[in-house]
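> Here's my sequence, what's the structure:
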Amino acid sequence: MLPRWALTFWPDLRRQVTDVVSIAATQHGTTGGPLGSAYIDSACRPTVGCPPAIWQQRIGSRFLSELNARDETPGRTSWTTVRILNDGIVQPQQPPRPTSSLRGARNLLVEAVCPGRATGPFAAPYDSVSFASLLDAIEHRGGARASRFPKGVCDRPYGSGLDPPRTTQRIDATLGLFLERVVTSGLKAKAEPALRRYARIRR
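Numbering: from 1, shown residues only. From the prediction side, this is the model:
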């Protein structure tokens, strides 16, 4: 949500940004999915504590409630989202309101572009569909269009130029790094951090 936050609360930045491509983001919050729900339910409580960013990405958080009460795709910037239907962490992804989609954006589903594609939240940034979306968005006006993707986009699992075995190895190591640096040894908070005053809607 960092690009949205910046372009929402610092509108002067909008003229410097032509495109935002968001991949597997928790735009409207997440339940944690099958991989993270147990941790969120057990740790994100006042008696235990979890990282501030996880508090903020839960469904119904103050952070997301304030952000989503405004224009979800501010300014003249073109917005594209890429999501995975069977994302193991960022859920729900089913219609009518997939959490990773944004009102006013070009919202793409990896499995719709490449039927049968199996990928996960840590692999999504490297996926060939994500790469194609980024390049298409930059090369054309407006958000990315799957109809313009190269014909062989589904023939490889990752973006062109990435070595599949090495990329797979790095992706497999990502979960362990995330658990070690964010969940285990990272900063813990026993409640969602208060929002800065500039981000609060006057009611």
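
> Show the average pLDDT along the helix or strand containing Gln169.
Per DSSP states H and E, Gln169 falls inside helix 164-178. Here helix 164-178 scores 90 as its mean pLDDT.

> what does stretch 38-45 give?
Mean predicted confidence for stretch 38-45 is 91.

> again, but for stretch 7-16
Average pLDDT, stretch 7-16: 95.

> I'd like the distance between the residue nearest the centre of the chain and Ala144.
Centroid check for the chain by C-alpha atoms, centre = their mean gives Ala25 as the closest residue, at 1.2 Å. Plainly put, Ala25 is 15 Å away from Ala144 if you go by C-beta to C-beta, to the nearest Å. Yep, even glycine has a C-beta here, placed from its N, CA and C like the rest.

> swap in Thr73?
Taken as C-beta to C-beta, the span from Thr73 to Ala144 is 14 Å.

> Of these two, which one has the most company?
Ala144 (28 against 21; other C-beta atoms under 10 Å).

> is it true that that one touches Leu134?
Yes: between Ala144 and Leu134 there is a contact under C-beta atoms under 8 Å: 7.5 Å.

> Identify the contacts common to the two.
Val21 (C-beta atoms under 8 Å, 6 or more residues apart in numbering).

> need the contact list for the residue nearest to the centre of the chain.
Met1, Thr81, Val90, Ser100.

> Ser101 now?
Gln27, Thr81, Arg83, Asn107.

> Apply 6 Å and report the result again.
Neighbouring residues of Ser101 by C-beta atoms under 6 Å, 6 or more residues apart in numbering: Thr81, Asn107.

> just to revisit the earlier point, pull out the buried residues from the helix holding Gln169.
Ile171 (16 or more other C-beta atoms under 10 Å).

> repeat for stretch 126-133
Tyr126, Asp127, Ser128, Val129, Ser130, Phe131, Ala132, Ser133.

> per-residue confidence averaged over that stretch?
If you average the pLDDT values across stretch 126-133, you get 98.

> chain center to it, what's the gap?
Distance, stretch centre to chain centre, for stretch 126-133: 14 Å (C-alpha atoms, centre = their mean, to the nearest Å).

> ok, now stretch 115-134?
Its chain's C-alpha centre and that of stretch 115-134 lie 12 Å apart, by C-alpha atoms, centre = their mean.

> and it, C-alpha only, in CSV?
The C-alpha trace of stretch 115-134 is given here as CSV (Å, rounded to 0.1, in the frame of the first residue of the first chain):
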residue,chain,number,x,y,z
PRO,A,115,-4.9,-21.1,-16.7
GLY,A,116,-3.5,-23.8,-14.5
ARG,A,117,-0.6,-21.5,-13.3
ALA,A,118,0.3,-22.3,-9.7
THR,A,119,2.2,-19.6,-7.9
GLY,A,120,2.3,-18.1,-4.4
PRO,A,121,2.6,-14.7,-2.6
PHE,A,122,6.4,-14.8,-2.5
ALA,A,123,6.7,-15.9,-6.1
ALA,A,124,4.2,-13.4,-7.5
PRO,A,125,6.7,-10.5,-8.0
TYR,A,126,8.8,-12.8,-10.2
ASP,A,127,5.9,-14.3,-12.2
SER,A,128,5.9,-13.9,-15.9
VAL,A,129,2.5,-12.3,-15.7
SER,A,130,3.7,-9.7,-13.2
PHE,A,131,6.7,-8.9,-15.4
ALA,A,132,4.5,-8.6,-18.5
SER,A,133,2.0,-6.4,-16.6
LEU,A,134,4.8,-4.0,-15.5
